[in-house]
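Chemist: dropping a prediction and its sequence here:
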Protein chains: 2
Amino acid sequence: MPRPAKRATSADVARAAGVSRATVSYVLNNRPDQSIPDTTRRRVLEAAESLEYRPHGNARSLVSGRSDIVLLSVPDLPIGTGISRFVEEFAAALAEHGLTLVTHLAAARGRPLPDVCATVGATAVTGFAPFDADTARALRAAGAEVVLPSPTDVPDIMLPIGSIQAEHLIGRGHQRLGYALPAHPRFQQMAAERLRGVEQACVETGLQPPVTATVSLDVGVAADAVTNWIGQGVTGICAFNDETAVAVLAGAQSRAVRVPEELAVIGVDDILVAPLTNPPLTTVRFDLHAVARRRAELVVAGLTGHDAPAATESEISAGLVERSST
Amino acid sequence: MPRPAKRATSADVARAAGVSRATVSYVLNNRPDQSIPDTTRRRVLEAAESLEYRPHGNARSLVSGRSDIVLLSVPDLPIGTGISRFVEEFAAALAEHGLTLVTHLAAARGRPLPDVCATVGATAVTGFAPFDADTARALRAAGAEVVLPSPTDVPDIMLPIGSIQAEHLIGRGHQRLGYALPAHPRFQQMAAERLRGVEQACVETGLQPPVTATVSLDVGVAADAVTNWIGQGVTGICAFNDETAVAVLAGAQSRAVRVPEELAVIGVDDILVAPLTNPPLTTVRFDLHAVARRRAELVVAGLTGHDAPAATESEISAGLVERSST
DNA sequence: GTGAAAGCGCTAACAC
DNA sequence: GTGTTAGCGCTTTCAC
């Protein structure tokens, strides 16, 4: 069978079916307000099928003035976290609503976000942290109808991770906590957020604030931190993430500090190797799948003008994964 | 200053500058074949600036018949690998050529790839494994000008990982190797590929083929595998990836098998915790950055019709990261 | 050097 | 019920 070199257009289908382009459009979009006889409908459908016709998204969004593209601004963090998982889940969730995800690395290289927003014609733009007022305005001017999260939104991906960690440790009887900060500069903001949660939990329980230390992914550095913690009577460590927690574990081991008897450690993320450390790492895992779905819902809600269904508490919360390191 | 509610169009700029839309187009696209007086040029530029004008990518590609969108089909693998890193690097590399990356999860959920290709109007489609003839044809019919890798291409992301691992071990005097396969079904194909590299290296050196075992991320399972390997005189293990390698390490430790004296282990990926294991994990790291750039070059070359510059050997190769587990 | 006009593929009023 | 027409924002001959 002869293959059309170029992709088929709506006009090709119309010609093949012996109808007008309007009719093709009606049939293919299932317009309820148009009643098309079954025979015509079938002819159109068959023609479209045999020509392998697919509507041209660009042209369509040009006329509707609204694309189905959602832009995600990804912070240029060192990898190993759940971010990529989030991205994939988010893309899948959006796809179910007929939306297409485009990610943009918010690194120095590459064009500014509003430019990208305009060139891809994004209808919605979202990121991990709220956009500042200027950026948000520029994004709107670039054509974005929905910009999330806004500064007033409780960023729904910022779960009370720190509190969960601290409460777990406190519930186990620990009276003096330490916090292991990551060394990478890009993580500082997120780390501060989580540390705040730990501090809050300490205050509420009448404990002193946690003793912080920056722990790079180096056994020596971690070992020194451990020694210092022990010296200050700290018995439980909340680590920024699992990698940092593994470093603390390694540091403790190198100083012959027993975990969890002398020092309990809790991480965040439940990375694949978490059950394989010695002892197996206790950690906080948040359900990226649910968070991503939730975010997709918010985007869709913003686009349709409807309110987003209230988030089910359990849907977006983080869960403790207890193993033997605490 | 009054903000335009809607995004500015080329016509708005023309009006503000007191010129025609054509002139705006010439100025903004720096058309060399048109000589525009500096005063006019400046007026246009200023108008565009003050209106925050950004060209509308959709409309542009509608007329040029070619979008700047590259579609990446991502296999639905369990995360923790370098895939996400590749995606991010790839997106950045494409962005430098003015191309936009859209990723699509090749999972069951979601529409078939050719559909997605057509709706986003992708000019190029690429993936990790070659597309079969039918899919490739459908993609072309959907408007893709470039489809990579083709079955005849040597998939440039499939580096000779297995060989590198095996050669390292053999170079250290190991005479009998083991291979630790991952448990996850989605990894089987990639694992088979790497295993093949190990087998090949063994054949070339006159060794017996490696003793394979499937090692899930469970200490018990790994421990049994270790015992079995030791029983068969195996002294060096190539693991499918670092997570699997960490499992082997844990298994060895639980059976009091000393690493690397009794059993050497080498992984792949250089995950963040690799230097933190006990002993620190030797691994093979491939430069995702280079691989991604290379892939972007291939796409651009295909689009422009030029030949891609030959890959510098060192550019796309994988590198050994020696640590004390071998 | 600059403007007028056509047209990319599609949808939406409005005729017939 | 279906076809005709206009136009989304942009680029691009082709006159002027």
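Modeler: Right, received. Where do you want to start? On a predicted model such as this, the values are computed, not experimentally measured, just so you know.

Chemist: OK, now which residue of the stretch 101-250 of chain A is nearest to DNA strand C?
Modeler: residue A:121 (12.8 Å; Cβ to the nearest atom of the strand). Glycine gets a C-beta too; all of them are placed from N, C-alpha and C.

Chemist: assign a three-state SS to residue A:72, would you?
Modeler: Recorded secondary structure, residue A:72: strand (DSSP: H, G, I helix; E, B strand; the rest coil).

Chemist: verify the stated contact: it with residue A:89.
Modeler: No: using Cβ atoms under 8 Å as the test, residue A:72 is too far from residue A:89 to be in contact (11.6 Å).

Chemist: before we move on, the earlier item: how much space between the residue of the stretch 101-250 of chain A closest to DNA strand C and residue B:8?
Modeler: Look at residue A:121 and residue B:8: by Cβ to Cβ, to the nearest Å, they are 14 Å apart.

Chemist: of these two, which one has the most company?
Modeler: residue A:121 (28 against 22; other Cβ atoms under 10 Å in any protein chain shown).

Chemist: so who does that one touch?
Modeler: By Cβ atoms under 8 Å, 6 or more residues apart in numbering or on different chains, the residues touching residue A:121 are A:61, A:67, A:69, A:143, B:56, B:57, B:58.

Chemist: report how many residues lie close to residue A:43.
Modeler: Neighbours of residue A:43 (other Cβ under 10 Å): 18.

Chemist: residue A:69 is in contact with residue A:98, correct?
Modeler: No: counting by Cβ under 8 Å, residue A:98 does not reach residue A:69; the two are 10.9 Å apart.

Chemist: what do the two both touch?
Modeler: Joint contacts of residue A:98 and residue A:69 (Cβ under 8 Å, 6+ apart) do not exist.

Chemist: which of the two has more neighbours?
Modeler: Neighbour totals were compared for residue A:98 and residue A:69, and residue A:69 leads with 25 against 10 (other Cβ under 10 Å).

Chemist: re earlier: widest-spaced pair of the contacts of residue A:121?
Modeler: Spatial extent of the contacts of residue A:121 (Cβ to Cβ) is set by the pair A:69 and B:56 at 12.3 Å.

Chemist: distance of the residue in the stretch 151-300 of chain A positioned nearest to DNA strand C from DNA strand D?
Modeler: Across the stretch 151-300 of chain A, no residue is closer to DNA strand C than residue A:300, which sits at 18.6 Å (Cβ to the nearest atom of the strand). Counting by Cβ to the nearest atom of the strand, to the nearest Å, the separation of residue A:300 from DNA strand D is 23 Å.

Chemist: residue A:285 falls within a helix, correct?
Modeler: No: assignment of residue A:285 by three-state DSSP gives strand, placing it outside any helix.

Chemist: number of residues surrounding it?
Modeler: Residue A:285 has 17 nearby residues by other Cβ under 10 Å.

Chemist: care to break chain A down by domain?
Modeler: Listed by automatic domain parsing, the domain ranges of chain A are A:10-63, A:69-154, A:161-285.

Chemist: which stretch in the ones you listed is the model least sure about?
Modeler: When these are compared by mean pLDDT, domain A:69-154 comes last with a mean of 82.

Chemist: and residue A:114, what does it touch?
Modeler: Counted by Cβ under 8 Å, 6+ apart, residue A:114 has contacts A:135, A:138, A:139, A:141, A:142, B:52, B:54.
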